[in-house]
Structures are given as structure tokens and as C-alpha cells.
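1. Next input, structure requested:
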Amino acid sequence: MNGKNKQADSYGIVGLGRFGFALALELAAAGADLLVLDRDEEKISRLREYTENAFVVRNLDKSTLLETGIQSCDVAVVCIGEQMDTSILTTLNLVSMHIPTVIAKATSAEHGEILEKLGAEVVYPERDMAIRLAHRLETSKSLDFIQLSKRVNISKLIIPDRLVGKTVLETNLRKHFGINIIAIENNSTVMQTVDPNYQFKKGDILFVSGEKKGLNNLLVWSKRENA
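-> Modelled structure (predicted):
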């Protein structure tokens, strides 16, 4: 990587499929110090517009990886999912280089379990996108959904009509659904400290956290007639 006084993290991305390429573009747009590796010369050529550290590699053995300088990165991301053996071996090599953070894409639970045992943080891009899409399809009231863990989820949703005119204290979402209100947005103004006496208004957007079951129960309840 470059020799400038580095204050931000540097990132190495191995594999420029749809996930890897999109990740590289997002990091480049954010001004990150970036190194990318792939066997596809055309993809590497396109990314040289954003980083001089873009290398065509035909194999991903440890000696080849070391030659690229990826061991100097703060974070290395293995974006190879389809070729499980290559994904596992590449992850093993990067972890053995003592890179502070190695993140690897997995395409199945079994694949992810192996990567975790090697010492990598595991992401499931397809699964996570599917979860977010499914949640958004469940109700038009849900604007976005992020799963942080099996027990912790964050959802952004339009205030249900049944809650309009009631106060935060009256609705008591924590008691009834196990949900905490993180913030309330009204007319582009975000209230981060939620007043228990705040009276919900039509068009309010709620940012809430809780288990997926509780979030779903709230959305189902909000659609019932005869409150």
C-alpha cells in the first residue's frame, strides 16, 4: 500500500464478483486506501481508475498474496463464494499473515462455519439481502430492515395509523412487543431523545430495535381493524 501517513484503515479485496466489485467501488468512493485482486484483467483495469493497487492474479497461494502486499492491509475481504475450496484456502492464507481483520463471504451455513473456525468474520450477502427484502415485502409500512444478530434487529417504519394521536408512554411498545424506540423522524427532523409524552403524528417515521418476532407482531397488529 502507499507510504503516506495512514490514518484511515486500508482494505484488501480478493475477488471481484458482483459483491466484491460493488464493495470496492463503495470503499473507493469513500476515499479508502484500497488494494484489489482478481484474475479478470478487464475488472482490474476498470478499478485502476480508483486505485493503483489493482493486480491481476492467476492463483491465490500464499507467496502470490504476499507479493501483492495485501499483508499490510488493516482489513482483508475474501469475496469468493462459489469456489469454496479457493475461498477457504485464501482465507486461511490471509489469517496466517496476521492481518488484523479478515472478512470472508460465505454461501452456506457450512461454508461459514469453516471460515469462522479459520478465524475470519463471516458475511452472507445473499442471505442478508433476502432477509431485508422479505421483511420489506411483509408490509409496506416497513421502509428498511437491518439484522445485526439473531436477537437484535433495527427497523425503520412509517407510524401505524393506530398509533397516531397516542403518546410513546401510552403505546408502550417495549411492554407489548419487546421493542425499543431509538428515534422518531418528523418533517426531516430527527428526535434522538424520545420524550415519553411525545404524541405520534401522521407521517412520523420510527426507528425501532428488537427481535424480529416482536417487529413482525407490531406490523401485524398495526394492520388489524377495530383497535
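2. C-alpha only now, for contacts and for neighbours.
-> Noted.
3. Strands of this structure, residue ranges please.
-> 10-14, 33-38, 54-56, 75-78, 101-105, 121-123, 142-147, 153-158, 180-186, 189-191, 205-210 (DSSP state E).
4. any chance of those strands in TSV, plus distance to Leu92 and mean neighbour count?
-> As requested, the strands of the chain are exported to TSV (distance: least, Cα to Cα, whole Å; neighbours: other Cα atoms under 10 Å):
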stretch	distance to Leu92	mean neighbour count
strand 10-14	13	24
strand 33-38	16	26
strand 54-56	20	20
strand 75-78	10	24
strand 101-105	10	23
strand 121-123	12	18
strand 142-147	27	19
strand 153-158	31	20
strand 180-186	39	17
strand 189-191	44	12
strand 205-210	35	22
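5. right, and those - which one's nearest Met84?
-> Proximity to Met84 (Cα to Cα) singles out strand 101-105 among the strands of the chain, at 10.0 Å.
6. Would you mind writing the CA trace of that closest one as CSV?
-> What follows is strand 101-105, C-alpha atoms only, in CSV (Å, rounded to 0.1, in the frame of the first residue of the first chain):
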residue,chain,number,x,y,z
THR,A,101,-9.3,-8.3,10.3
VAL,A,102,-10.2,-10.9,7.8
ILE,A,103,-13.7,-11.0,6.5
ALA,A,104,-15.0,-13.7,4.2
LYS,A,105,-18.1,-14.2,2.1
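7. and the protein, what are its domains?
-> 10-123, 128-223 (automatic domain parsing).
8. low pLDDT regions in the protein?
-> For the chain, applying pLDDT under 70 flags the ranges 1-8, 127-152, 223-227.
9. go again using 50 as the cut-off
-> Scanning the chain for pLDDT under 50 picks out 2-7, 137-145, 225-227.
10. Sketch out the helices for this protein, chain order is fine.
-> 18-29, 41-47, 62-68, 84-96, 109-118, 125-138, 168-171, 173-177, 212-223 (DSSP state H).
11. partner residues bridging the residue lying closest to Asn53 once chain neighbours are set aside?
-> Closest residue to Asn53 apart from its sequence neighbours, by Cα to Cα, 6 or more residues apart in numbering: Leu35 at 4.8 Å. On the basis of DSSP bridges, Leu35 is bridged to Gly12.
12. on that earlier part again, using TSV, lay out the strands of the chain together with distance to Lys166.
-> Shown next, in TSV, are the strands of the chain (distance: least, Cα to Cα, whole Å):
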stretch	distance to Lys166
strand 10-14	48
strand 33-38	49
strand 54-56	56
strand 75-78	47
strand 101-105	44
strand 121-123	40
strand 142-147	20
strand 153-158	15
strand 180-186	14
strand 189-191	17
strand 205-210	14
